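Trainee: Predicted model and sequence below, questions to follow.
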Amino acid sequence: MSRLPLNTRYRRRNVATRNLMTSIMLLYYHVWLLFALAYRVKCLKIERRIKIRELRGQNLYELISQSDKMCISHLHMDRRTFSILCEMVRDVGGLEGSRNMSLEEIVASLLYILSHHFKNKTVGIFSTGA
């Protein structure tokens, strides 16, 4: 058998090297694409958590800061009594707000559950719909 000309052997080796490099570059691109998508999902979860926290804070503000009528209808006590109760729970009971819920929100959700006979605290004024 005769051997291929020298330039044909190098051409085949160059094509194989080029195919290998192309495959490596595509794999590298796909890995970085997966990392970028995972990072985006993480950012969306954080944004959603911030939005839910803001909605809960707004609902709590509307409940205990705007009018006695709304506070009495939902918690069965006026705003002054609610603030005294929160202060007593903090000072006497030693309860503190957590990273996820303030003390006022904890007390308001407890009173709401007790006053409206709900078994699940996500039903009612503090639910975010998500």
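Mentor: Arrived safely.
Trainee: how close does the spatially most central residue of the chain sit to Leu55?
Mentor: With distances taken as Cα atoms, centre = their mean, Arg49 lies nearest the centre of the chain, 2.8 Å away. According to Cβ to Cβ, to the nearest Å, Arg49 and Leu55 sit 11 Å apart. To be clear about C-beta, it is placed using only N, CA and C from the backbone, and glycine gets the same treatment.
Trainee: List the residues that contact Gly93.
Mentor: For Gly93, the contact set (Cβ atoms under 8 Å, 6 or more residues apart in numbering) is empty.
Trainee: The one 10 residues further on now?
Mentor: Listed by Cβ under 8 Å, 6+ apart, the contact partners of Leu103 are 86, 89-90, 95-97.
Trainee: quick check: longest helix of this structure.
Mentor: Using DSSP state H, we find that the single longest helix of the chain is helix 6-64.
Trainee: same for the next helix or strand after that one, what does it pack against?
Mentor: Using DSSP states H and E, the helix or strand that follows helix 6-64 in sequence is helix 68-75. Helix 68-75 sits against helix 6-64, helix 79-88, helix 103-116, with contacts defined as 3 or more Cβ pairs under 8 Å, 6 or more residues apart in numbering; DSSP states H and E.
Trainee: okay if I get those helices as TSV plus mean pLDDT?
Mentor: What follows is these, written out as TSV (pLDDT from 0 to 100):
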stretch	mean pLDDT
helix 6-64	88
helix 79-88	93
helix 103-116	88
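Trainee: Adding neighbour count, write the contacts of Leu103 out as JSON lines.
Mentor: Rendered in JSON lines, the data for the contacts of Leu103 read as follows (neighbours: other Cβ atoms under 10 Å):
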{"residue": "Cys86", "neighbour count": "20"}
{"residue": "Val89", "neighbour count": "17"}
{"residue": "Arg90", "neighbour count": "15"}
{"residue": "Leu95", "neighbour count": "14"}
{"residue": "Glu96", "neighbour count": "10"}
{"residue": "Gly97", "neighbour count": "14"}
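Trainee: from these, which is closest to Tyr39?
Mentor: Set against Tyr39, the nearest of the contacts of Leu103 by Cβ to Cβ is Gly97 (30.5 Å).
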